[in-house]
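**Q** No letters, just coordinates:
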């Protein structure tokens, strides 16, 4: 049981470390040499260029203007100054709406904290239950619900507050949903012309013996959307090509490195070994070796490109179909095309940069099987992930290592190393797993077959949240592995589960307060420091950068990382809502987290992160429903807790809460979710009409021609000439396409060369 | 514990009673006087007319041809002879597909029974567990899983059979889903031109200060579907009118009755009292009274009609919007119109006769609240319905009646009446409740706001199934009221619930066998007798029928009654699947039920029932998912049962089954359900193109003009002239409608009288 003093000490330590991070950041960020690490967004926008504006050589790298050190916290008001519309313009709607999640946290918890401190805490404090009992307790517990005597009518306060908090949370959520939905619709309608507004992704084009995919798509849409179909872009299977291009890039990096090395020290030609990682094999001249390698790869790449362009097998049964109007695209994306609902699947095309190209051609049955496999795999990952880790940990003890690798015995027996292995190795297996968890979840989502990056991130976020809920939240409350918990829950009655957890809740308050400070406060302050990108940038800068363009590439602005960031915020929502009634002392810590994180991430979004895609806040329904889930969990746990306090008369009133909350969720789903899934006809028509009036001679076909070409055809490489050929193949053909089939029913177009077979 | 002998006796009794019903039916149906009761469908089709073809007076009423009595079971092969396509043509797709449910029962359970009798029963029989134990047991139990010793490896047989049965059921279900989906699509595409193919129901038209609903709808669709919009029909609030019309009809019935009475006995003019039900008030001449009443009502009706036609307030914010092509309607029905998803709601228009007019104008929020209210009401109905009944029962005992109504004491104390009250009254309250249950559920569905009869019936069926599952199935297995069960389940662990139920399953086999015979066999045989319509028809025929048209109206063909019939069948699926592995002796009884019911209902559908609407088998997804639910329940219960038999090694294998089954369900949902929800663009286009080629000069507007007029405007009454006026009001206006608004953005049409205000 931690006392208030313990908490204060922990808080002091964490506030200090957070301040240390912020100070370090403040000092590092004003050094010109770090400018590209801390302001990459502006470089990418072309609004900032390398710090060559000062005269002295030293001042290119180190900031000698001491006045700027005084104003080291200036970035905070600066980060808050940019108004939201400008922010949307600058960093996209996704980022702006992502920041609103932190704001919601403040909006929900700040009034809650005020209410809780003026009502609940006095009610809790003015009891003597804990003093009279023989239990050990801390001052924190005196402020919590534990201090109320069993069967007391004071529990009515908590009951009423649970209602007030629920209604307040729902009110804030509804307002926010409304705002975000209108932001999204406004963004979609007022933004500039995007290819995705006119384009629908068609998957599972059925195989046809007579026609190629391209011809089939064209015929199908000329028949079924005769007035609106404009053009289409087939999808090539460029997985091998992208592998080659990546390999070439890697080689280029090495070549750059050795050339730079040679230019610095011309006395000795750098050499390398041809084998794996340059560790063994024949020793050759490095520059020659990589130059020939790159030449070979370039040739292979252009060969592969030709192959893809000319081989019909490399065309996947999917296509991006573009329409003359947004109306046509909206209609096509929302309707079913074929009587067989597993072919000719329609879906809004993701933004071109949002497309995840590898997954565009998975057949329907395979998709369903993949979903089942991943669901089962995720179940085992969540509940049994401790088994392999425990196995590794059992291997990683002294005896195990000595047995399997006897020649290491001498080294291991050294005292320092021994204590290192014993103290550090068992924990490191778990840490490594947790670091890799988001990547594992991402691989799962990729396997599952989503075809947009935003979709992948959303699904990974959902899984990460579930994992955290079970293994961090429940795992901390009821100690034991997730599997043990699962086993307990199966063997417990539906009535007892909330009780078991509910009872432990007040006892874990101090633990979670510490968790919030370490993971939340210090974590967020660490985020702004960007230690990893800082180090990598300077390494690259030193070893490989020759030109300004290389330096551009050495920057790693990173992204918001929705798949890891959002579940973390959600954990704080969960903690806040669960403890709001039980131990309100926790609330200020959460408010500080939300406030700090809001400022830090606003700064990062403005200055650092480069968005990979723009999904127009498509993630909002997920955010909303996870907060609702947290609310329901908090209500159930409160019910469990109160039922052990012999405040049984409150149960019917408490059961009403989740029912109302879930109904509210259904209501919001019906009311706002469609704005995130569908594109209203009225909007499309309005936009089309305005556009027709403003630009009557728009060449839409030209605008859409190259929009959905695989990035590796577009110019990831120097030799950009070959992709023209590929596109022409699909675009050049005149409309109508002469059919190759012997008879086609219901073709409304005259076929010029019927019976050409 | 019932022995095989008991079962045989019960079976004999029930077979006898079923035969008695069938015999009675066979005799009654060949009497010409009953012809309209047993063959109303043919009268309604105009293919049969009253039996006046014989000479003698007696033979008009009684069949004197004794040869026909010999062939009294001839209706059975006759019922089976009609091929399915002809049946679809004769009675609609709904009826034909409804019969397939019985066929599925046969397809699933017949092979299961064969396998179970050749494999499971010998395995069960060749044990001596029950003989060696001290338990009382019957021969039936010797054939069941109870006879296998605890921990025996013979349970592997049951495990394997559970897999085989699951795969077989899923296979049959998938095949059927495929067939029904293609039947539906074929029906929709090959059927004749229906107004619902061109029409979309628009609900929640937002109020507009400047324009009437009709003008608003027209403008909206001219703007947003300019190429496809054809016409629309506003919806009138005719609830008061329909009440008046019904009242007039009732009065007409009484008038007919008294006129007939007078014509038979001209000596005395019939009189009636003016008060409630003719029980008190002034005594007046009946014929005069009703004639003046009818005249008054006719006047009121025509006044009400005028009022509806001229008062804009009687126009509801909903409309049936028709399009020029099926393509246009399919597109509009599947897309979202406005950015606010709670206004301009689109939905396929139900068939004109399927529309439930009263519910067409419920706002979105009210709809959501109604749904919550009904869900809570249904929860209480299911779990607490015993409370009011127990209350009534407690009143309906001797002491209670004597206390509240002391003057009845003398009568009650009579021995016969006393025993009647004691033996019969408590049960009758429950019986009355169960008889009224479908109506109560239907009222709930109506309150919930569905706007098609088919939707109402589907929702009622779902609720009725849940009620039966909890109160009949679970209630019989674990005796006690549903609320006690609920309480037990809440206090039991997730592990124990299937165990508790699973253990009781084998013991209840004989009970369910008896249930199947009484409710299933005798019930189905009773259905064909149509006792209630028979009596009512003859009463009406005697007292009220004057003309052939009256006789026509006295017929009550009835309908299939999906809302009560389908849940009953589903209960048999549940019983069959649950007992297939545990006590396979039950299977033959279920097979007999399905076989008998198939023949009987096929006969009824061909000869009796008159379909109220045609939903093109829209109920199939419900049927499918309920069978899947039964399958999962059976798997869970088997798991519970086996885990008490110390066959724990089987648990992981048994958990796999529900996972696979649910995955299969998801798969089928994705694969086939869209065919029941959406209308593929390709189909619509095909049909449009064919039609355009076949009938280039089709007057579609004329065809659609009167399709969606409220039935009471259409000619439920004699005075049909007034509805013309109403329709003209909405149809006559020229396109484009002159706008009354001062400025309209994005109107693509030139407004002829802009600024007419």
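**A** Yes, it's here. Predicted model, so just to flag it, every value in this text is computed and none were measured.
**Q** so where do the strands sit in chain A?
**A** Applying DSSP state E to chain A gives strands spanning A:199-203, A:229-236, A:271-273, A:283-285, A:315-323, A:345-348.
**Q** Least confident of these, on average?
**A** Of all the strands of chain A, mean pLDDT reaches its minimum on strand A:271-273 (a mean of 72).
**Q** what's that one packed up against?
**A** When contacts are defined as 3 or more CB pairs under 8 Å, 6 or more residues apart in numbering or on different chains; DSSP states H and E, strand A:271-273 packs onto strand A:283-285, helix A:286-310. No exception for glycine: its C-beta is placed from N, CA and C like everyone else's.
**Q** So which of those is the most surrounded?
**A** Comparing the helices and strands packed on strand A:271-273 by mean neighbour count (mean count of other CB atoms under 10 Å in any protein chain shown), helix A:286-310 comes out on top with a mean of 17.
**Q** Taking strand A:229-236 as reference, get the angle to that one.
**A** Inter-element angle recorded for helix A:286-310 and strand A:229-236: 130 degrees (by axes from the mean of the first three to the mean of the last three CA atoms, to 10 degrees).
**Q** pLDDT of helix A:286-310, averaged?
**A** 82.
**Q** how distant is that helix from the center of its chain?
**A** Here the centre of helix A:286-310 is set off from its chain's centre by 34 Å, with CA atoms, centre = their mean, to the nearest Å.
**Q** can you check stretch A:24-37 too?
**A** Taking CA atoms, centre = their mean, one finds the center of stretch A:24-37 at 26 Å from the center of the full chain.
**Q** picking that back up, dump the helices and strands packed on strand A:271-273 to a markdown table, plus distance to residue A:614.
**A** Converted to a markdown table, the helices and strands packed on strand A:271-273 look like this (distance: least, CB to CB, whole Å):
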| stretch | distance to residue A:614 |
| --- | --- |
| strand A:283-285 | 46 |
| helix A:286-310 | 28 |
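**Q** now the ones you listed in JSON lines, with distance to chain B?
**A** Below are the helices and strands packed on strand A:271-273 laid out as JSON lines (distance: least, CB to the nearest CB, whole Å):
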{"stretch": "strand A:283-285", "distance to chain B": "55"}
{"stretch": "helix A:286-310", "distance to chain B": "30"}
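**Q** thinking again about what came up before, save the strands of chain A as JSON lines, and put in distance to residue B:25 too.
**A** Listed next are those as JSON lines, based on distance: least, CB to CB, whole Å:
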{"stretch": "strand A:199-203", "distance to residue B:25": "56"}
{"stretch": "strand A:229-236", "distance to residue B:25": "61"}
{"stretch": "strand A:271-273", "distance to residue B:25": "96"}
{"stretch": "strand A:283-285", "distance to residue B:25": "99"}
{"stretch": "strand A:315-323", "distance to residue B:25": "58"}
{"stretch": "strand A:345-348", "distance to residue B:25": "52"}
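**Q** Go through those strands and name the closest to residue B:659.
**A** Smallest distance to residue B:659 across those (CB to CB): 25.5 Å, for strand A:345-348.
**Q** strand partners of that closest one, parallel vs antiparallel please.
**A** Partners of strand A:345-348 in the sheet, by DSSP bridges, are strand A:199-203 (antiparallel).
**Q** The strand it pairs with to strand A:315-323, inter-axis angle?
**A** Using the same axes, to 10 degrees, one finds that strand A:199-203 and strand A:315-323 are set 150 degrees apart in direction.
**Q** Off-centre distance for strand A:199-203?
**A** On the basis of CA atoms, centre = their mean, strand A:199-203 sits 24 Å off its chain's mean C-alpha point.
**Q** so what does the longest helix along chain A touch, helix or strand wise?
**A** Using DSSP state H, we find that the single longest helix of chain A is helix A:155-190. Judged by 3+ CB pairs under 8 Å, 6+ apart, helix A:155-190 is in contact with helix A:84-115, helix A:562-582, helix A:620-644, helix A:651-672, helix A:674-677, helix A:681-694.
**Q** from the chain's centre, how far out does the fifth one sit?
**A** Right, the one you point to is helix A:674-677. Helix A:674-677 sits 20 Å away from the centroid of its parent chain (CA atoms, centre = their mean).
**Q** same for that helix, what does it pack against?
**A** Against helix A:674-677 (3+ CB pairs under 8 Å, 6+ apart) you get helix A:155-190.
**Q** sorry, back to before: tell me which of the helices and strands packed on strand A:271-273 sits nearest to residue A:156.
**A** Comparing those against residue A:156 with CB to CB, the closest turns out to be helix A:286-310 (71.6 Å).
**Q** Indicate which one of the helices and strands packed on strand A:271-273 is closest to residue A:229.
**A** Smallest distance to residue A:229 across the helices and strands packed on strand A:271-273 (CB to CB): 23.9 Å, for helix A:286-310.
**Q** Show me what the closest one is packed against.
**A** If you count contacts as 3+ CB pairs under 8 Å, 6+ apart, helix A:286-310 packs onto helix A:239-264, strand A:271-273, helix A:722-731.
**Q** Would you mind giving those as a markdown table with mean neighbour count added?
**A** As requested, the helices and strands packed on helix A:286-310 are exported to a markdown table (neighbours: other CB atoms under 10 Å in any protein chain shown):
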| stretch | mean neighbour count |
| --- | --- |
| helix A:239-264 | 16 |
| strand A:271-273 | 17 |
| helix A:722-731 | 16 |
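**Q** All set now, cheers.
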